[in-house]
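> Build me a structure from this.
(chains A, B, C, D, E and F)
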There are 4 protein chains.
Amino acid sequence: MSKLLRAVADDDKKQRRQSILQAAAELFAEDSRQLPSVISIAKACGLAKGTVYLYFKTKEGIFLALLSQYFQSWFEQGLQAMAVMQADGCTALKDQIPRLLTVLVDYLENNPEFMQLASMNHSIIEKNLDNDVAYQFKKELLDLSIQMGNAVEQLIPALPKGEGVLLLRRTYALTIGIWQLSDWPDAMVDAFGEDEFQVLRPKFADEARLAVMQLWIGAAQLG
Amino acid sequence: MSKLLRAVADDDKKQRRQSILQAAAELFAEDSRQLPSVISIAKACGLAKGTVYLYFKTKEGIFLALLSQYFQSWFEQGLQAMAVMQADGCTALKDQIPRLLTVLVDYLENNPEFMQLASMNHSIIEKNLDNDVAYQFKKELLDLSIQMGNAVEQLIPALPKGEGVLLLRRTYALTIGIWQLSDWPDAMVDAFGEDEFQVLRPKFADEARLAVMQLWIGAAQLG
Amino acid sequence: MSKLLRAVADDDKKQRRQSILQAAAELFAEDSRQLPSVISIAKACGLAKGTVYLYFKTKEGIFLALLSQYFQSWFEQGLQAMAVMQADGCTALKDQIPRLLTVLVDYLENNPEFMQLASMNHSIIEKNLDNDVAYQFKKELLDLSIQMGNAVEQLIPALPKGEGVLLLRRTYALTIGIWQLSDWPDAMVDAFGEDEFQVLRPKFADEARLAVMQLWIGAAQLG
Amino acid sequence: MSKLLRAVADDDKKQRRQSILQAAAELFAEDSRQLPSVISIAKACGLAKGTVYLYFKTKEGIFLALLSQYFQSWFEQGLQAMAVMQADGCTALKDQIPRLLTVLVDYLENNPEFMQLASMNHSIIEKNLDNDVAYQFKKELLDLSIQMGNAVEQLIPALPKGEGVLLLRRTYALTIGIWQLSDWPDAMVDAFGEDEFQVLRPKFADEARLAVMQLWIGAAQLG
DNA sequence: AATGAATGAGCATTCATTCAT
DNA sequence: CATGAATGAATGCTCATTCAT
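So this is what the prediction gives:
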């Protein structure tokens, strides 16, 4: 076998790690019912199985890292959108919330693996993880959530102190649930068609936009 | 081994089928991270493995049937609550909605396997089902949903025609999402404690009650 | 695949179990450096891998069962030999001991897998065993040893009470050690020839006969 | 990483080689069920994995070198003891043999890794060795054995010419066998206790002293 | 000489499902 | 109807060794 170029420099290593994540994401997108096998990931990025384990301790570790990246990007998008709106002088709540939600939902729509991964039961991804790795992930997620929660509170004055992050939590829960409703196995779609059960199977982005809007309105109302 | 008495009469068969579901539910409750094995279910109800397959085509079929029963009971509870309220002459929306939601969430709280199973539906249960069985399940669920959707519309006049069932759909999505957030593997709770990450990990019933209320208020608002 | 005849009757099951042991023994004889893989054992007796696990809980369990059979046969041979000698009226110690040792060593010579297996380090066979299975084995071995130890004491009057089983223990230890000295990997024999190192590498049976005889004489002397 | 100082001088190399053996011995002592991994050895002596392979062709080579050192020390002890006795004018066979055996067994008792390693030699260590390395080892061992065999013959006049080395060979075999009997996995000791099976599981040093004495007496008798 | 990134062979075990009895 | 023997697919991970740097 022609051996791979060695990733000696730190940058090269980072890049290689990223290529593993990339391959993992693509394979997972193909069949979101289960995590792809390590060997398939390795092959997909031209590495040997053992090499993958130089970069990740366990298979689940790969997908947690992936999930982490999605979360980060998602929050970034949200924070950025809010920053832009402020810079734009867009202060009408009526406009701001829909703009923010659109940004957030668009991201989910454009990165379906995110929701797939996130909605995968804990019992699948979070088993077989180093406590360190899992803790790190939770910690980052918590920090990001709180940071963005604060921003949301500034956006919606009616929201009591500390409710921002809770609203985000519920928003996330809602999108996860909607994803699961919307995500049918292809085989089932083929078998049953799109129409008969459309009440049970919403189109993700439309439903998410609308449902989250309802949730936010209700939250602002109650606050 | 001495063979079991044969279930010849329809009633006997129904009863045997029910005993399988019973056993499956109990075993699943013991460890809800994964579906119990067929052999364990068979033993738990005193049958041989092959016999279980006389009543269900696949293991997943057992749990879909179980899930179906939970849905039925859940909807029944909801419908009944609404009927009682009407009989009581409780017509203040302000009172009715909380009463209904309490009934619904209480059911979920008292039947944690329901949420667990429902949140597995997606990635685990539906991957190995006969089309017939799956279709049957979806169909029943659809009918129930529509029926209850109508009732909800009567309850909330502000809700436009056809929005009842959609609100239910979102309610279900929201509870599923909250369940997943609240349901940590024991190992992780032990490792990280209950406190540090409580923002990420709500208590199911409290959160569900509150979040669903927000959703319904928002929905009524928008309607 | 044409499926196997089913071993339903108890006798058939016993026979099938025996055929697994048979196959395991033969494969192990081919390369005594390591336990053969389960798949190779299964194939060698025309079974599927899973079927092997219907008869044994772990791979190591197969080899412990095998070892147990060898021990039983070995002790039987010894006990029988002593019984025959008594019946023959052979009472001269001078004759009896060599006859007994010949019987014992012949058995080892004719069943080389026995010594191979026995001399395999504990860390290999005794790991991955049910405690029950291991205990059962030890218990049987203990009983047999004591029984035969008593017989040896009757044979050698000079031996103090209770020394019979200890002499057997040392005899066993000695044969194990000699086996290890005598058992070179084929590759090494090929590479180095038989002659240069014959001082380090005895021929098993000759050495065992002689060394054990020395041990027994010394034991009788000391007793 | 900063590269290590290079061992250019022969002495430095010898020292580095020795430090590898040292580390290997210590790690093996910690868990004598299996040979430690190369990476753990490398780390333990502050080297990189590849560097270890500059000094030894295979992992087993490390442990064979270690085994060789144990053998050398063991024989040295024995030869020295015999020399001292002669210098002491201790000529009573009755006294000499026990003194010698005590020295030999004490060494084994104080260096349990020796027996552990020696009893692995057979099934584990020799399976992955360069012929050169193995030959070298055998050759050295042979020379030492012959040398010490001669010394034993001088000690025990009753021993025919050439029987000294054979007696040593049997002595070694006997100690190896006794070692294996005495060496139970901790898990098993914990599970079964020390008492019930003590007949099958001698205490190494006591048993070795006694059994070897019997062997030597028998050998002197027969000679 | 020293490093450490890359390689890839090797394997026990479970368990859903079938089907001969 | 009931049984339970037989099947066989499916896979993460370690670690000795190599060799480019």
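> For chain A, which residues are neighbours of DNA strand E?
For chain A, the contact set with DNA strand E under C-beta under 7 Å from any atom of the strand comprises A:1, A:3-8, A:13, A:16, A:47-51, A:53-54. For the C-beta atoms, the positions are set from N, CA and C on the backbone; glycine is no exception.
> please redo it, this time with the cut-off set to 10 Å
Proximity of chain A to DNA strand E, by C-beta under 10 Å from any atom of the strand, involves residues A:1-10, A:12-13, A:15-17, A:38-39, A:42-43, A:45-55.
> Please, a ChimeraX command that selects the buried ones among those residues?
Selecting just the buried residues from these in ChimeraX takes one command, with 16 or more other C-beta atoms under 10 Å in any protein chain shown as the test:
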select /A:7,16,17,38,42,45,47,52,53,55
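> Inside helices: which ones of the residues of chain A next to DNA strand E?
With helices taken from DSSP state H, the overlap with these comprises A:10, A:12-13, A:15-17, A:38-39, A:42-43, A:49-55.
> Keep only those that also lie close to DNA strand F.
Applying C-beta under 10 Å from any atom of the strand to these, those adjacent to DNA strand F are A:38, A:39, A:42, A:49, A:50, A:51, A:52, A:53, A:54.
> The fourth one is in contact with residue A:38, isn't it?
Yes. Shown here, residue A:49 and residue A:38 form a contact pair, counting by C-beta atoms under 8 Å, at 5.9 Å.
> Not counting sequence-adjacent ones, nearest residue to residue A:215?
Once flanking residues are discounted, residue A:215 sits nearest to residue B:215: 5.0 Å by C-beta to C-beta, 6 or more residues apart in numbering or on different chains.
> list the buried ones in the helix or strand where the one you found lies?
If you go by DSSP states H and E, residue B:215 is part of helix B:204-222. Counting neighbours by 16+ other C-beta under 10 Å, one finds that the buried residues in helix B:204-222 are B:204-205, B:207-220.
> Check the gap between residue A:216 and chain D for me.
As judged by C-beta to the nearest C-beta, to the nearest Å, residue A:216 and chain D stand 53 Å apart.
> Next: residue A:202.
Distance, residue A:202 to chain D, using C-beta to the nearest C-beta: 53 Å.
> And residue A:33, by the same measure?
37 Å.
> so how many other residues sit close to that residue?
15 (other C-beta atoms under 10 Å in any protein chain shown).
> quick one: contacts for the residue lying closest to it once chain neighbours are set aside?
Excluding the flanking residues, the one nearest residue A:33 by C-beta to C-beta, 6+ apart is residue B:127, at 5.0 Å. Counting by C-beta atoms under 8 Å, 6 or more residues apart in numbering or on different chains, residue B:127 makes contact with A:33, A:34, A:185, B:60.
> pLDDT value on residue B:127, please?
With respect to pLDDT, residue B:127 scores 81.
> Now do stretch A:36-48, average pLDDT.
pLDDT averaged over stretch A:36-48 gives 95.
> Pull the distance from it to the chain's centre.
Relative to the mean C-alpha coordinate of its chain, stretch A:36-48 is positioned 23 Å out (C-alpha atoms, centre = their mean, to the nearest Å).
> Reformat the ones next to DNA strand F among the ones in helices among the residues of chain A next to DNA strand E as JSON lines; add distance to residue C:147.
What follows is those, written out as JSON lines (distance: C-beta to C-beta, whole Å):
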{"residue": "A:38", "distance to residue C:147": "54"}
{"residue": "A:39", "distance to residue C:147": "54"}
{"residue": "A:42", "distance to residue C:147": "58"}
{"residue": "A:49", "distance to residue C:147": "53"}
{"residue": "A:50", "distance to residue C:147": "53"}
{"residue": "A:51", "distance to residue C:147": "58"}
{"residue": "A:52", "distance to residue C:147": "57"}
{"residue": "A:53", "distance to residue C:147": "53"}
{"residue": "A:54", "distance to residue C:147": "57"}
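> Return the closest of these with respect to residue B:142.
Of all these, residue B:142 sits closest to residue A:38, with 39.7 Å by C-beta to C-beta.
> Now the closest one: closest residue in space that isn't a chain neighbour?
Nearest non-adjacent residue to residue A:38, counting by C-beta to C-beta, 6+ apart: residue A:59, 5.2 Å away.
> Report whether the expected contact of that neighbour with residue A:35 is present.
Yes. The pair residue A:59 and residue A:35 passes the contact test of C-beta under 8 Å, sitting 6.4 Å apart.
> Return the per-residue confidence for residue A:3.
52.
> in chain A, which spans are helices?
A:10-30, A:38-44, A:49-55, A:59-88, A:93-110, A:112-119, A:122-125, A:131-155, A:163-182, A:186-192, A:204-222.
> low pLDDT regions in chain A?
Residue ranges of chain A with pLDDT under 70: A:1-4, A:223.
> Pull the contacting residues for the residue nearest in space to the middle of it.
Geometric centre of chain A, nearest residue: residue A:114, 3.6 Å, by C-alpha atoms, centre = their mean. By C-beta under 8 Å, 6+ apart, residue A:114 lies in contact with A:67, A:70, A:74, A:107, A:108.
> and DNA strand F, which of the residues you listed contact it?
Counting by C-beta under 10 Å from any atom of the strand, no member of the contacts of residue A:114 is near DNA strand F.
> Tell me which two in those residues are the farthest apart.
The most widely separated members of the contacts of residue A:114 are A:67 and A:107, with 14.0 Å between them, by C-beta to C-beta.
> circling back to that earlier point, could you list the alpha-carbon positions for the helix holding residue B:215 in PDB?
Output of helix B:204-222 as PDB, limited to C-alpha atoms (Å, rounded to 0.1, in the frame of the first residue of the first chain):
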ATOM      1  CA  PHE B 204     -39.200  16.500  32.700                       C
ATOM      2  CA  ALA B 205     -42.700  17.100  34.100                       C
ATOM      3  CA  ASP B 206     -42.100  20.600  35.300                       C
ATOM      4  CA  GLU B 207     -40.400  21.700  32.100                       C
ATOM      5  CA  ALA B 208     -43.000  20.000  30.000                       C
ATOM      6  CA  ARG B 209     -45.900  21.600  31.800                       C
ATOM      7  CA  LEU B 210     -44.400  25.000  31.500                       C
ATOM      8  CA  ALA B 211     -43.100  24.800  27.900                       C
ATOM      9  CA  VAL B 212     -46.300  23.300  26.600                       C
ATOM     10  CA  MET B 213     -48.300  26.000  28.200                       C
ATOM     11  CA  GLN B 214     -46.100  28.600  26.500                       C
ATOM     12  CA  LEU B 215     -46.600  26.800  23.200                       C
ATOM     13  CA  TRP B 216     -50.400  26.800  23.600                       C
ATOM     14  CA  ILE B 217     -50.500  30.400  24.600                       C
ATOM     15  CA  GLY B 218     -48.500  31.300  21.600                       C
ATOM     16  CA  ALA B 219     -50.600  29.200  19.400                       C
ATOM     17  CA  ALA B 220     -53.800  30.800  20.600                       C
ATOM     18  CA  GLN B 221     -52.200  34.200  20.200                       C
ATOM     19  CA  LEU B 222     -51.200  33.600  16.600                       C
END
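> now that helix: how far from the chain's centre is it?
Worked out by C-alpha atoms, centre = their mean, helix B:204-222 lies 18 Å from the chain centre.
> Packing partners of it?
helix A:163-182, helix A:204-222, helix B:93-110, helix B:163-182 (3 or more C-beta pairs under 8 Å, 6 or more residues apart in numbering or on different chains; DSSP states H and E).
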